[in-house]
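[1] pasting the sequence and the predicted model now:
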Amino acid sequence: MRTLPLTHRVYAWLSLLGVWGLFVTSAHADEGMWTMNNLPVDRIAQKYGFKPDQAWIDKVQLGSARLAQGCSASFVSPNGLVMTNHHCAHACIEQLSQKGQDLVANGFYAPSATAEKKCPALEVNQLVTITDVTETMRKALTGKTGAAFSDAKKAEQAKLTKACATSDDLRCEVVELYHGGRYNLYQYKRYQDVRLVFAPELAIAFFGGDPDNFNFPRYDLDVAFVRIYANDKPASTPNYFPFSAAGAQENELTFVSGNPGHTSREYSVAELLFERRVRLPRRLFGLSEMRGQLTEFARRGAEQKRVSKTHLFYVENSFKGLKGREMALLSPKLIPEKRAAEKVLRQKLASDKRPGFSKAYESIDKALEVYSNIYDSYELFEKGRAFEGDLFGIARTLLRAAEELPKPNETRLKEYTDAALPQLRQTVLSPAPIYDDLAILELTFGLTKLREHLGFDDPRVRAILGKKAPATLAAELVRGTKLKNLAVRKQLLEGGKAAVDAFKDPLLELARTIDSDARAVRKRYEEEVDGPLTQAHEAIATVRFETHGTSLYPDATFTLRLSYGAVRGWTENGKPVAPFTTMGGAFDRHTGEDPFALPQRWLTAKPRLALDTRMNFATTNDIIGGNSGSPVINKHAQIVGLVFDGNIHSLGGDYFFDEKVNRTVAVHSSAIVEALQKIYAAERIAQELRGGSAVGAAAP
């Protein structure tokens with residue numbers, strides 16, 4: 001989901017929210033990001049007159065897809081064609097660009113299968129099975145606390161994922177639902193040969209830029225098509241969503257099947273206050289400063305603008321999303337009302353005699369106190385915010401792989417277990433280009449923040465910087481490293497510890513210098529923060545289940561969820577907002593100046609277009625970041641749209657949902673087909689969406 005800076009309207013909106021709208025799921029509200037094995041089918045039937053059966057649910061699950069790098073998608077033909085957002089494929093499009101050939105600015109279309117270009121680091125996942133492993137996990141964790149709990153959790157998850165991922169074509173994850181109240185094992189079919197098929201110009205994919213972002217009406221063609229391959233041929237995908245002939249209609253029942261990344265609707269008051277006091281301010285300051293650095297870098301020239309465009313896009317997106325969350329938390333009503341809703345749970349837990357239950361909230365407080373004390377060190381060293389850019393990540397991965405892979409699978413760091421190795425290899429061995437000047441800027445920024453947060457006299461800072469300025473050290477590291485060479489990385493990854501230990505490289509030395517500190521703070525986080533929080537939430541979730549059963553949906557976990565709703569506008573300042581825009585409206589909005597400048601292809605094609613074709617639309621579906629690229633389908637499991645955003649009222653969606661004003665924003669399926677046929681002459685793709693078999697055909 002894209003985001004937009006808050007305006008005065010947000011304050012007015014937040015002030016109108018009440019406790020029932022915030023924290024109680026009404027049987028009549030379209031609230032919820034439901035797991036595929038716990039859909040509220042009776043509730044859907046009661047409100048909309050359609051009850052999904054198991055065959056329908058299975059079809060939707062297998063027709064949905066996830067981009068492992070952080071977005072949603074769907075299969076839209078039997079020949080491996082995958083639809084997602086342009087901004088989800090943005091990194092691939094940029095990586096396939098080169099000096100003099102800017103595919104982000106100019107768009108891309110492969111007129112034949114042989115012209116489809118392989119994305120350097122994109123992975124598509126298809127959810128195959130969900131298995132409840134709650135009892136297995138609890139058996140392994142019962143009676144354990146601290147380090148024993150952390151080690152047992154890591155070992156059992158590694159054991160389960162290893163048994164599940166019987167080949168590199170499978171990806172398995174143990175998912176904590178209800179923050180540890182339930183554990184499910186998700187098995188995915190993994191596709192790492194992913195090729196770009198079509199992407200429009202950025203000017204229309206992000207038409208309106210920041211002024212329109214997180215607003216409605218909208219006029220974006222935020223779509224991209226990629227194709228998954230198996231054995232160098234288009235993969236067979238018999239479970240797919242055909243395009244609806246009519247597309248979305250007003251008041252029509254709609255489903256969004258996607259992978260929402262994270263919500264905090266189950267968080268305790270203490271955790272929300274930690275977000276407001278510590279996490280969000282730190283991240284917002286950092287992102288704001290990085291945005292300024294990248295903006296200045298882009299002004300140095302056309303090539304600098306091209307190579308930094310993707311990073312700047314994601315920095316701005318992250319900043320706006322987190323800003324929306326911060327402003328929701330600063331609402332004068334949210335925390336008091338959340339505290340009132342929490343009071344009932346506290347009372348029930350206080351008298352509960354089961355181990356750990358009565359002190360659950362006290363455990364959360366204690367864990368957050370530890371987290372506050374180690375937050376900067378954990379973020380800077382273990383999460384790598386002091387070492388911005390891809391190069392340090394590659395160096396650390398090579399160093400840790402050499403250390404971790406000889407260990408038993410159950411004792412390794414999570415990202416080095418057997419189940420995680422295919423993605424690790426894809427990341428380290430990606431042929432995506434690395435640009436020295438941009439890498440130096442990023443690393444300089446990280447090292448500057450390291451010194452700023454920890455101070456000049458911190459021994460860790462001195463060990464890293466010595467007497468050098470951050471910019472000086474960054475330039476030496478980037479220009480001196482051999483890790484930009486793909487053959488070198490491959491040699492080190494395959495050579496293991498002996499090869500890594502013998503190889504002399506300044507970035508590897510930096511990774512080695514900080515690794516003991518990074519591992520130590522990670523260990524403390526896992527044992528004194530993550531473990532106690534998981535155990536406390538398990539107790540809280542148990543009491544919730546005893547009261548509500550499984551009628552509650554869990555917080556988002558970047559796993560497949562289904563939300564239901566309807567195509568519907570809303571009332572803004574006493575005036576109705578219509579749920580649809582048209583392609584003609586995009587021309588009315590065209591000024592000829594960015595960000596309201598339509599691509600020349602669109603201006604040339606205007607006489608050929610049906611200008612009353614629906615362009616974007618709004619629905620009451622409950623979504624959050626990570627849902628970008630999700631299909632909007634009707635009850636016949638047909639594509640009627642493509643999610644790319646939410647309206648301004650969805651800014652607080654991390655913490656609550658208000659059906660009256662919270663809206664999903666999507667590209668209408670009719671606009672996608674109209675543009676493919678009449679603007680981009682992409683008949684090969686349009687025919688495939690209509691059910692044809694034009695995979696290898698050239699455009700007419």
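    In hand now; what should we look at? Residues are numbered from 1 along each chain as shown.

[2] which secondary structure elements does the helix or strand containing residue 489 contact?
    According to DSSP states H and E, residue 489 maps onto helix 486-502. If contacts are counted by 3 or more CB pairs under 8 Å, 6 or more residues apart in numbering; DSSP states H and E, helix 486-502 sits against helix 390-404, helix 421-428. Yep, even glycine has a C-beta here, placed from its N, CA and C like the rest.

[3] give the buried residues for the longest one.
    Buried residues in helix 390-404, defined by neighbour count with 16 or more other CB atoms under 10 Å: 390-392, 394-404.

[4] how far does that helix sit from its chain's centre?
    On the basis of CA atoms, centre = their mean, to the nearest Å, helix 390-404 sits 23 Å off its chain's mean C-alpha point.

[5] what about residue 441, how many neighbours?
    Residues contacting residue 441 under the criterion other CB atoms under 10 Å number 24.

[6] wait, is it part of a helix?
    Yes - under DSSP: H, G, I helix; E, B strand; the rest coil, residue 441 falls within a helix.

[7] next one: it from residue 389, what distance?
    Noted for residue 441: a distance of 8 Å to residue 389, by CB to CB, to the nearest Å.

[8] next: residue 600.
    For residue 600, the distance to residue 389 - CB to CB - is 35 Å.

[9] more neighbours: these two, which one.
    Shown here are residue 600 and residue 389; by other CB under 10 Å, residue 389 has more neighbours (23 against 10).

[10] that one is in contact with residue 435, isn't it?
    No - Residue 389 is beyond contact range of residue 435, at 9.9 Å (criterion: CB atoms under 8 Å).

[11] which residue ranges form the helices in the stretch 51-200 of the chain?
    With DSSP state H, counting those that start in this stretch as the criterion, the stretch 51-200 of the chain has helices at 54-63, 86-96, 103-106, 134-141, 146-164.

[12] just so I know, which of these lies nearest residue 218?
    helix 86-96 (13.3 Å; CB to CB).

[13] for the closest one, C-alpha coordinates in PDB please.
    Taking Å, rounded to 0.1, in the frame of the first residue of the first chain, the C-alpha atoms of helix 86-96 are listed here in PDB:
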ATOM      1  CA  HIS A  86       4.000  -1.700 -10.800                       C
ATOM      2  CA  HIS A  87       5.400  -0.500  -7.500                       C
ATOM      3  CA  CYS A  88       5.800  -4.100  -6.400                       C
ATOM      4  CA  ALA A  89       7.800  -4.900  -9.500                       C
ATOM      5  CA  HIS A  90       9.600  -1.600  -9.400                       C
ATOM      6  CA  ALA A  91      12.900  -3.000  -8.100                       C
ATOM      7  CA  CYS A  92      13.000  -5.600 -10.900                       C
ATOM      8  CA  ILE A  93      12.200  -3.000 -13.500                       C
ATOM      9  CA  GLU A  94      15.000  -0.700 -12.200                       C
ATOM     10  CA  GLN A  95      17.500  -3.600 -12.100                       C
ATOM     11  CA  LEU A  96      16.800  -4.500 -15.700                       C
END
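
[14] still on that earlier bit, in JSON lines: the buried residues of helix 390-404, plus pLDDT.
    Converted to JSON lines, the buried residues of helix 390-404 look like this (pLDDT from 0 to 100):
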{"residue": "390", "pLDDT": "95"}
{"residue": "391", "pLDDT": "97"}
{"residue": "392", "pLDDT": "97"}
{"residue": "394", "pLDDT": "98"}
{"residue": "395", "pLDDT": "98"}
{"residue": "396", "pLDDT": "98"}
{"residue": "397", "pLDDT": "98"}
{"residue": "398", "pLDDT": "98"}
{"residue": "399", "pLDDT": "98"}
{"residue": "400", "pLDDT": "98"}
{"residue": "401", "pLDDT": "98"}
{"residue": "402", "pLDDT": "98"}
{"residue": "403", "pLDDT": "98"}
{"residue": "404", "pLDDT": "98"}
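
[15] leaving out chain neighbours, which residue sits closest to residue 500?
    residue 402 (4.0 Å; CB to CB, 6 or more residues apart in numbering).

[16] quick one: residues contacting that neighbour.
    Residue 402 makes contact with 492, 496-497, 499-501 under the criterion CB atoms under 8 Å, 6 or more residues apart in numbering.

[17] how about a cut-off of 6 Å?
    Counting by CB atoms under 6 Å, 6 or more residues apart in numbering, residue 402 makes contact with 496-497, 500.

[18] including pLDDT, neighbour count and distance to residue 637, could the residues you listed go into TSV?
    Output for the contacts of residue 402, formatted as TSV (pLDDT from 0 to 100; neighbours: other CB atoms under 10 Å; distance: CB to CB, whole Å):
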residue	pLDDT	neighbour count	distance to residue 637
496	97	15	47
497	97	14	50
500	98	22	49
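
[19] other residues contacting stretch 599-618?
    201, 203-204, 216, 218-219, 248, 567, 579-584, 663, 665-668, 670-671, 674, 678-679.

[20] run the last query once more with 7 Å
    The contact list for stretch 599-618 (CB atoms under 7 Å, 6 or more residues apart in numbering) reads 201, 203-204, 216, 218-220, 247-248, 567-569, 579-587, 641, 647, 663-668, 670-671, 674, 678-679.

[21] ditto for stretch 198-207
    86-87, 89, 93, 103-110, 219-225, 586, 597-599, 602, 682, 685.

[22] so how do I select the buried members of those residues in PyMOL?
    Buried members of the contacts of stretch 198-207, defined by 16+ other CB under 10 Å, are picked up in PyMOL with:
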select buried, resi 86+87+89+93+103+104+105+107+108+109+110+219+220+221+222+223+224+225+586+597+598+599+602+682+685
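
[23] could you list the domains of this protein?
    Using automatic domain parsing, the domains assigned to the chain come out as 8-123+192-264+554-689, 269-548.

[24] from residue 391, how far out is residue 428?
    Counting by CB to CB, the separation of residue 428 from residue 391 is 11 Å.

[25] likewise for residue 466?
    Separation of residue 466 from residue 391 (CB to CB) stands at 20 Å.

[26] ok, and what's touching the helix or strand where residue 295 lies?
    Element membership for residue 295 (DSSP H and E) is helix 280-298. Helix 280-298 has contacts (CB under 7 Å, 6+ apart) with 304-305, 308, 311-312, 315-316, 318-319, 322-323, 325-326, 438, 441, 445, 449.

[27] please redo it, this time with the cut-off set to 8 Å
    With contacts defined as CB under 8 Å, 6+ apart, helix 280-298 is touched by 304-305, 308-309, 311-312, 315-316, 318-319, 322-323, 325-326, 329, 375-376, 379, 385, 388, 437-438, 441, 445, 449.

[28] equivalent analysis for stretch 503-521, please.
    So stretch 503-521 is contacted by 374, 377-378, 381-382, 387, 391-392, 394-396, 398-400, 460, 463-464, 476-477, 480-483, 492, 500 (CB under 8 Å, 6+ apart).

[29] and with 7 Å instead?
    Against stretch 503-521 from outside (CB under 7 Å, 6+ apart): 374, 377-378, 381-382, 391-392, 395-396, 398-399, 460, 463-464, 476-477, 480-483, 492, 500.
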